[in-house]
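**Student:** Model the structure of this input:
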Amino acid sequence: MITKTEKIWMDGKLIPWDEAKVHILTHSLHYGLAVFEGIRCYQTDNGPAIFRLDEHVERLIKSASIFMLEIPYSMDEIKKAVIETVKVNRVTECYIRPIAYLGYGAMGLFPKGNPVNLAIAVWPWGSYLGDEGLKNGIRVKISSYIRGHVNSIMARAKVSGYYVNSQIAKREAIANGYDEALLLDADGYVSEGSGENIFIVRKGILKTTPPTSILEGITRDSIITIARDEGINVREERFTRDELYIAEEAFFTGTAAEVTPIREVDGRIIGGGKPGEITKRLQGLFFDIVKGKNKKYLQWLTFVR
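**Tutor:** Numbering: from 1, shown residues only. From the prediction side, this is the model:
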């Protein structure tokens with residue numbers, strides 16, 4: 001269950017949590033076209049800090065642009081609204097959900113004249129795949145469902161409707177006793193998790209799926225940057241499920257999942273069945289960075305003061 005906070009920002013106003021409502025005929029509720037972000041705020045020695053706020057807001061705006069939605073706020077206005085919402089709710093660590101959606105007006109597939117509304121909510125949210133998963137790794141099932149073809153969905157946009165595909169994959173994995181799903185693309189190559197990007201380590205090389213059938217994850221980009229700074233050989237290239245099965249290490253990345261090791265896929269033990277050395281190294285660096293303990297990456301933090 002979501003832990004309530006006090007206020008939600010809606011179209012320029014801070015509304016009490018229980019009063020933040022939309023009409024039942026809100027267009028996005030019926031047809032699934034809304035764009036959103038998941039952002040995290042972490043406690044640091046200098047107070048709460050939002051991780052890579054600029055990049056998240058920029059992606060929100062670009063997602064809207066891909067689908068010809070005109071968000072009636074600038075990037076700076078949205079950033080200020082995010083900071084204001086975190087501040088007014090007096091949270092030190094939280095998950096942040098901005099969502100731009102087509103509001104009440106015309107129905108049908110062409111929403112002529114419907115307003116584009118923007119809301120921002122924040123709430124405390126722990127490890128998405130569990131503290132145990134962060135420490136010891138999770139069990140993953142390759143889904144019978146595939147990610148959409150690049151010409152049927154535009155993967156660079158973070159669109160609400162796309163996550164129906166993720167939900168059925170996740171349900172299938174949980175029903176079969178696994179922690180998370182992994183989807184293949186339309187050509188049979190490894191794509192991404194239900195809400196995460198994937199990395200593997202094979203013969204000392206860190207590989208991740210190129211940005212074709214996947215969302216360009218901001219945590220993914222962070223890990224690529226950190227790894228290269230650490231002298232780790234990183235390749236963005238397609239790989240198959242059998243290469244994943246024989247990888248020395250594997251892990252998921254995402255705002256919600258952070259850096260979560262994978263210890264098993266489809267009953268195959270990955271590496272030694274526990275987080276590998278590169279995974280642990282990158283995970284440790286990531287958490288030091290988001291908590292403000294690594295001065296090299298302070299530009300990724302927006303402090304809430």
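**Student:** Thr92 contacts Asp45, doesn't it?
**Tutor:** No. The criterion here is C-beta atoms under 8 Å, and Thr92 misses it with Asp45 at 11.7 Å. C-beta: built from backbone N, CA, C; applies to glycine.
**Student:** Which parts of the stretch 51-200 of the chain are strands?
**Tutor:** Ranges of strands in the stretch 51-200 of the chain, per DSSP state E, counting those that start in this stretch, are 94-102, 116-123, 138-146, 180-184, 190-193, 197-202.
**Student:** Neighbouring strands of the fourth one in the sheet, and parallel or not?
**Tutor:** This means strand 180-184. Strand 180-184 has these partner strands in its sheet, going by DSSP bridges: strand 138-146 (parallel), strand 190-193 (antiparallel).
**Student:** That strand: which residues count as buried?
**Tutor:** 180-184 (16 or more other C-beta atoms under 10 Å).
**Student:** Could you measure from Ile262 over to Ile269?
**Tutor:** Computed as C-beta to C-beta, to the nearest Å, the Ile262 to Ile269 distance reads 10 Å.
**Student:** Counting neighbours, go ahead and name the busier of those two.
**Tutor:** Ile262 (30 against 12; other C-beta atoms under 10 Å).
**Student:** Report the beta-bridge partner residues of the nearest residue to that one once chain neighbours are set aside.
**Tutor:** Once flanking residues are discounted, Ile262 sits nearest to Ala250: 4.0 Å by C-beta to C-beta, 6 or more residues apart in numbering. Beta bridges link Ala250 to Ile200, judged by DSSP bridges.
**Student:** In terms of secondary structure, what does the worst-scoring helix or strand of the chain on mean pLDDT contact?
**Tutor:** For the chain, using mean pLDDT, DSSP states H and E, the weakest element among its helices and strands is helix 131-136, scoring a mean of 92. On a contact count with 3 or more C-beta pairs under 8 Å, 6 or more residues apart in numbering; DSSP states H and E, helix 131-136 meets strand 258-265.
**Student:** from the middle of its chain, how far away would the helix or strand just after the strand it packs on be?
**Tutor:** The helix or strand immediately downstream of strand 258-265 is strand 268-269, counting by DSSP states H and E. The gap between where strand 268-269 is centred and where its chain is centred comes out at 26 Å by C-alpha atoms, centre = their mean, to the nearest Å.
**Student:** pLDDT on strand 268-269, on average?
**Tutor:** Taken as a whole, strand 268-269 has a mean pLDDT of 98.
**Student:** can you check stretch 47-58 too?
**Tutor:** pLDDT averaged over stretch 47-58 gives 98.
**Student:** Check stretch 225-235 too.
**Tutor:** For stretch 225-235, the mean confidence score works out to 98.
**Student:** Dump it to PDB, keeping only the CA atoms.
**Tutor:** Listed next in PDB are the C-alpha coordinates belonging to stretch 225-235 (Å, rounded to 0.1, in the frame of the first residue of the first chain):
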ATOM      1  CA  THR A 225      28.900   6.200 -16.900                       C
ATOM      2  CA  ILE A 226      30.100   4.900 -13.500                       C
ATOM      3  CA  ALA A 227      31.400   1.600 -15.000                       C
ATOM      4  CA  ARG A 228      33.300   3.400 -17.700                       C
ATOM      5  CA  ASP A 229      34.800   5.800 -15.100                       C
ATOM      6  CA  GLU A 230      35.900   2.700 -13.200                       C
ATOM      7  CA  GLY A 231      37.700   1.300 -16.200                       C
ATOM      8  CA  ILE A 232      35.100  -1.500 -16.800                       C
ATOM      9  CA  ASN A 233      34.600  -2.500 -20.500                       C
ATOM     10  CA  VAL A 234      31.000  -1.700 -21.300                       C
ATOM     11  CA  ARG A 235      29.200  -2.700 -24.500                       C
END
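**Student:** Please enumerate the helices of the stretch 1-150 of the chain.
**Tutor:** Ranges of helices within the stretch 1-150 of the chain are 27-31, 53-66, 75-88, 131-136, based on DSSP state H, counting those that start in this stretch.
**Student:** same deal with the stretch 151-300 of the chain?
**Tutor:** Using DSSP H, counting those that start in this stretch, the helices of the stretch 151-300 of the chain run over 163-175, 218-229, 241-245, 277-290.
**Student:** Next, the residues that contact the first one from outside, please.
**Tutor:** Here helix 163-175 makes contact (C-beta atoms under 8 Å, 6 or more residues apart in numbering) with 32, 140-141, 143-145, 147-148, 179-181, 183, 194-195.
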